[in-house]
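A.B. asks: fold the following, please.
(one chain, ligands or ions: 2)
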Amino acid sequence: MFVTGTGTGIGKTYVAAQLIRHLRRLGATVRAFKPVVTGYSAETVAQTDCAALLDALAEPHSAERIDVISPWRFRAALGPIGAAALEGRGIDFEAIAAFTGAVFRASPAQYTIVEGLGGVMVPFDEEHTLLDLLSAAAVPAIVVTGTYLGALSHSLTALEVLFARGIPIATVIVNETDAASVSLDQTAFALAPFATRVGSRLVCLRRNPTPCELASLCEAVLLDLRAER
Ligand SMILES: Nc1ncnc2c1ncn2[C@@H]1O[C@H](COP(=O)(O)OP(=O)(O)OP(=O)(O)O)[C@@H](O)[C@H]1O
Ligand SMILES: [Mg+2]
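C.D. replies: Ligands and ions are numbered 1, 2, ... in the order given. Next up is the predicted model:
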């Protein structure tokens, strides 16, 4: 599964890490990747998404493992184009797409989880966005969105463009935004009919959920993934 979302800081890593932990508790084998990471530095590895995914996998933050799960790393906490430019590097989208497709096709694990970066249309170059990476992955997307004021339009835009590109959306996760003025219920109520229309199901995730709520969320996602197969 490919975990994407409406934007940065929306909860993609949080959701991916919970899914990894849940699957491991069930005894399933899991691999996780975040092919492109920005805001990365070797000195602050523990604060990066790579570390969060490795923690969930119960694996060390070793340079070897980070090379495997996040081959494209950039220092600046910017989108890929800006972060690469600051280092005088280019972005080889075809290589990123080939890597992402391969981790799904060649995985020895029962479950492979890839986290995108930013939102569904973060650009990699003048031509390609995350949508193209999702197409290359050819697996269902899990779309994480929030409850901040404005999240409805951002969510519908993301769902519409994914649907238009023929990318299957297994689950839409409405993740409660910290201190948002709009409630989780109101957001879910407004979004649910649209999620249904794009052939997906909507589930809610409260801020600081209980272990039981997290388990239900993960089970819902797994059910949706099975339905997509
Ligand atoms: N439901 C939640 N309850 C409590 N904390 C949460 C929840 N969802 C997300 N967070 C926290 O919010 C912060 C941002 O979430 P996260 O890092 O998962 O976002 P992201 O979409 O992966 O961001 P990025 O675009 O940088 O990859 C993190 O500190 C995360 O632990
Ligand atoms: Mg993240």
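
A.B. asks: before we move on, what's the pLDDT of residue 229?
C.D. replies: The score at residue 229 is 66. That number is its pLDDT.

A.B. asks: cool, residue 225 as well?
C.D. replies: Among the per-residue scores, residue 225 shows a pLDDT of 92.

A.B. asks: that one sits in which helix or strand?
C.D. replies: Secondary-structure element containing residue 225, defined by DSSP states H and E: helix 211-228.

A.B. asks: same thing with residue 59?
C.D. replies: Counting by DSSP H and E, residue 59 is found in no helix or strand.

A.B. asks: burial of it, as a residue count?
C.D. replies: With neighbours defined by other Cβ atoms under 10 Å, the count for residue 59 comes to 14. C-beta here means a position set from N, CA and C on the backbone, and glycine is covered the same way.

A.B. asks: ok, now which ones touch it?
C.D. replies: Residues in contact with residue 59, defined by Cβ atoms under 8 Å, 6 or more residues apart in numbering, are residue 65.

A.B. asks: mind running it again at 10 Å?
C.D. replies: Counting by Cβ atoms under 10 Å, 6 or more residues apart in numbering, residue 59 touches 32, 53, 65-66, 68-69.

A.B. asks: from these, pick the one nearest ligand 2.
C.D. replies: Using Cβ to the ion, residue 53 is the member of these that lies nearest ligand 2, at 8.8 Å.

A.B. asks: follow-up on the earlier one: okay, the contacts of residue 59 in CSV with pLDDT and distance to residue 162 next?
C.D. replies: Rendered in CSV, the data for those read as follows (pLDDT from 0 to 100; distance: Cβ to Cβ, whole Å):
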residue, pLDDT, distance to residue 162
32, 98, 21
53, 98, 23
65, 97, 30
66, 97, 29
68, 97, 28
69, 97, 24
